[in-house]
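*Asks:* quick check, what structure comes out for this input:
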Amino acid sequence: MTNQPLNSSDQSKIVIFSLLLAPAVVFLVGAIPALFLGFGIFMMKKNEDFLHIKTAVRNFRGYTSLLLIGCILFAAYCATTLNAENSWDRLDEALVVSLVFSAICIAYLIFVKALFLNPLADHNKWVEKNGIFSSKPKSSFGSDTNSEVDIIKGEKLKQYSVADELIKWAKLKEDGHISEDEFNEARAKLLKRN
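*Replies:* Numbering: from 1, shown residues only. Just a heads-up that it's a prediction; the model follows:
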């Protein structure tokens, strides 16, 4: 399953995670974790190595954990201040805000694994080579029928024998370097130009 495209459910999870991350980016608190993930995706596509995604998620979780610790420490400070003033009849707004931010941090720690890393890890070989939202594999070198390399283009520069060229193409086909369709296309071009 690791070398198959993401199904619609997994793609939806990634889109949902992106939408959940958007408010945090707007408030600039989540801009750094979002940059970690964006850079991890960029490096994975560039180097075709899934470890960049794992590193980006680890950095995301580390930064979010630091924010969580900060929120918990601030909540503890607010609670001790409320306790010292014996004013438990009213909840301090700062305590409520810090507890809400703590809950948001915990949610992001859960969401990044469940909605981002797990769907990508299930299809890591595919994602490395083809990207997250692609459903068709990238063509490998030499398998594209409209390849940029055209062996026959140099025909005006030097003379060649059609039979010799056909033998070369047949050898490539026998060795498994080209497919039957590519051989037939090259043969048709050679016979057509002669």
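
*Asks:* in the protein, where's the longest helix?
*Replies:* For the chain, the longest helix by residue count, based on DSSP state H, is helix 51-85.

*Asks:* got the buried residues for the helix or strand following that helix?
*Replies:* Moving toward the C-terminus from helix 51-85, the first helix or strand encountered (DSSP states H and E) is helix 93-111. Applying a neighbour-count criterion of 16 or more other C-beta atoms under 10 Å, the buried positions in helix 93-111 are 95, 98-99, 101-102, 104-105, 108-109, 111. (C-beta placed from N, C-alpha, C; glycine too.)

*Asks:* and the helix or strand just after helix 93-111, what does it pack against?
*Replies:* Using DSSP H and E, the next helix or strand after helix 93-111 towards the C-terminus is helix 118-122. Helix 118-122 is packed against helix 8-26, helix 51-85, with contacts defined by 3 or more C-beta pairs under 8 Å, 6 or more residues apart in numbering; DSSP states H and E.

*Asks:* if we use 7 Å, what do you get?
*Replies:* Helix 118-122 is packed against helix 8-26, with contacts defined by 3 or more C-beta pairs under 7 Å, 6 or more residues apart in numbering; DSSP states H and E.

*Asks:* low-confidence stretches in the chain?
*Replies:* Where the chain drops to pLDDT under 70, the residues are 1, 28, 82-91, 139-160, 194.

*Asks:* can you list the domain ranges for it.
*Replies:* According to automatic domain parsing, the chain comprises the domains 8-130, 151-193.

*Asks:* list the contacts of residue 4.
*Replies:* Contacts for residue 4 (C-beta atoms under 7 Å, 6 or more residues apart in numbering) come out as 123, 126.

*Asks:* mind redoing it with 10 Å?
*Replies:* Residue 4 sits next to 122-123, 125-126, 137 when contact means C-beta atoms under 10 Å, 6 or more residues apart in numbering.

*Asks:* cool, residue 167 as well?
*Replies:* Contacts for residue 167 (C-beta under 10 Å, 6+ apart) come out as residue 161.

*Asks:* in what helix or strand does it lie?
*Replies:* Per DSSP H and E: residue 167 is located in helix 162-174.

*Asks:* over to residue 4?
*Replies:* Residue 4 is part of no helix or strand, with elements assigned from DSSP H and E.

*Asks:* and it, how far from residue 122?
*Replies:* When distance is defined by C-beta to C-beta, to the nearest Å, residue 4 is 9 Å away from residue 122.

*Asks:* next: residue 30.
*Replies:* Going from residue 30 to residue 122 by C-beta to C-beta gives 25 Å.

*Asks:* of the two, who's got more company?
*Replies:* More neighbours surround residue 30 than the other of residue 30 and residue 122, with 23 against 15 (other C-beta atoms under 10 Å).

*Asks:* report the central residue of this protein.
*Replies:* residue 41 (4.4 Å; C-alpha atoms, centre = their mean).

*Asks:* residue 121: how many residues sit nearby?
*Replies:* 15.

*Asks:* ok, it touching residue 51?
*Replies:* No. Residue 121 is beyond contact range of residue 51, at 11.1 Å (criterion: C-beta atoms under 10 Å).
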